[in-house]
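Student: Predicted model and sequence follow; I will ask about them next.
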Amino acid sequence: MRRIRIEKKDQSNSRASLCQFRKLQLTALIVMTCLACGISSAKTSRLYPPSKDQAGALRLTQVVEVATREEILRLGDSLQHLLASGLKDSDLKDGSIAVGRVYCCHESTERGTAVWFYVPPDVPVKVGDIVVIRMGHESTKTDPGAVNVAIEVREKQGATDSKCSWDPPNDRLWRRMLYCTWMPAEGWTQTKGAWATWLKRGSDAKAQ
C-alpha cells in the first residue's frame, strides 16, 4: 500500500465525516442499544475483535460515542462480559466504555463495523480522538476472556499536525480504512481481504 500524504483537505474530510456521523443523532444509548440487538443475533459482543486472528493485536479507531455509567449498566450480556473479564462495578463510570469507528464513510459501514472498548481511568478519551486499542478475546472454558481496551490516545480531535486520515483519499467511497503515516515504521502491517485494516501484532497476539 502506498503511503498517503496528509493534506489539510484530508484532515477536513476526516472532520466532516465525523460530523456527518454525529449528525445522524445516534446518542451513545441508541448506538449501544442497536449494537446490542446485533450482538443477540451474531452471538458475539462488540467488546471482542471481529475475528479470532485479531486477538491481542493493536488496532486504531476513532471515537464516535462515549457512554455514561447509566448506559453501561443497561448493556445486558455485554455488561456481564465486562464483569467476567475482571472489571468491577466500581470500574464502570461515565466514559468507561466508548464506541469507535474503524472504517468510514457511510452509515451502514461505520455502524456495522464499530467496536466497543473499555477506557481505563488513565487513558481518558473524547469524541473525535484517534485511539490505539488492544483487541481482546472471547472466553473459553478455562479463560474468562478479555475485552477490547484503550491503551493510548494517539491523536486528539482537531490536531493541527494530523498524521492520520481515511484511505483511499476519496470521500465518495463508502469504505475507507483509518491510516496514519507512522504505522509502517512502528511495525504495523496491513491485512488483506475485503475488510483490510492495519494491525500491530505483539508477542501475545495469538489466535484464540
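Tutor: Thanks, I have the structure now. Small disclaimer: the values here were computed from a predicted structure and weren't measured.
Student: Using the three-state scheme, assign Leu79.
Tutor: Secondary structure assignment for Leu79 (DSSP: H, G, I helix; E, B strand; the rest coil): helix.
Student: So Pro50 belongs to a strand, correct?
Tutor: No. Secondary structure assignment (three-state DSSP) places Pro50 in coil, not in a strand.
Student: For Tyr103, see how far away it is.
Tutor: Using CB to CB, to the nearest Å, we find Pro50 at a distance of 11 Å from Tyr103. C-betas here are computed from N, CA, C, even on glycine.
Student: and for those two, which residues touch both?
Tutor: Taking CB atoms under 8 Å, 6 or more residues apart in numbering as the contact criterion, the residues that touch both Pro50 and Tyr103 are 113, 195.
Student: what's the neighbour count on Ser51?
Tutor: Close neighbours of Ser51, defined as other CB atoms under 10 Å, add up to 13.
Student: Also Val153?
Tutor: By the measure other CB under 10 Å, the count of residues near Val153 is 17.
Student: and stretch 140-160, which residues are buried?
Tutor: 145-150, 153, 155, 157 (16 or more other CB atoms under 10 Å).
Student: So which of those belong to helices?
Tutor: Applying DSSP state H to the buried residues of stretch 140-160, no entry is found in helices.
Student: Columns distance to Gly187 and pLDDT on top of those, output as JSON lines?
Tutor: Compiled in JSON lines, those are given as follows (distance: CB to CB, whole Å; pLDDT from 0 to 100):
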{"residue": "Gly145", "distance to Gly187": "26", "pLDDT": "90"}
{"residue": "Ala146", "distance to Gly187": "22", "pLDDT": "94"}
{"residue": "Val147", "distance to Gly187": "24", "pLDDT": "95"}
{"residue": "Asn148", "distance to Gly187": "20", "pLDDT": "96"}
{"residue": "Val149", "distance to Gly187": "19", "pLDDT": "97"}
{"residue": "Ala150", "distance to Gly187": "19", "pLDDT": "97"}
{"residue": "Val153", "distance to Gly187": "19", "pLDDT": "97"}
{"residue": "Glu155", "distance to Gly187": "18", "pLDDT": "95"}
{"residue": "Gln157", "distance to Gly187": "25", "pLDDT": "92"}
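Student: In strands only, show me the residues you listed.
Tutor: Among those, the members falling in strands (DSSP state E) are 149-150, 153, 155.
Student: What residues sit buried inside stretch 120-136?
Tutor: Of the residues in stretch 120-136, 123, 125, 127-136 count as buried by neighbour count, 16+ other CB under 10 Å.
Student: Taking those residues together, which two end up most distant?
Tutor: Within the buried residues of stretch 120-136, Gly128 and Gly136 form the most distant pair, 23.6 Å apart (CB to CB).
Student: I figured Arg201 hits Asp53, correct?
Tutor: No. With contact taken as CB atoms under 8 Å, Arg201 and Asp53 are classed as non-touching, separated by 9.4 Å.
Student: about what we covered before: out of the buried residues of stretch 120-136, which comes closest to Ala57?
Tutor: When those are ranked by distance to Ala57 (CB to CB), Met135 comes first, at 5.3 Å.
Student: Now do that closest one against Trp188, distance only.
Tutor: Taken as CB to CB, the span from Met135 to Trp188 is 13 Å.
Student: Distance check, Leu60 against Asn148.
Tutor: Noted for Leu60: a distance of 12 Å to Asn148, by CB to CB.
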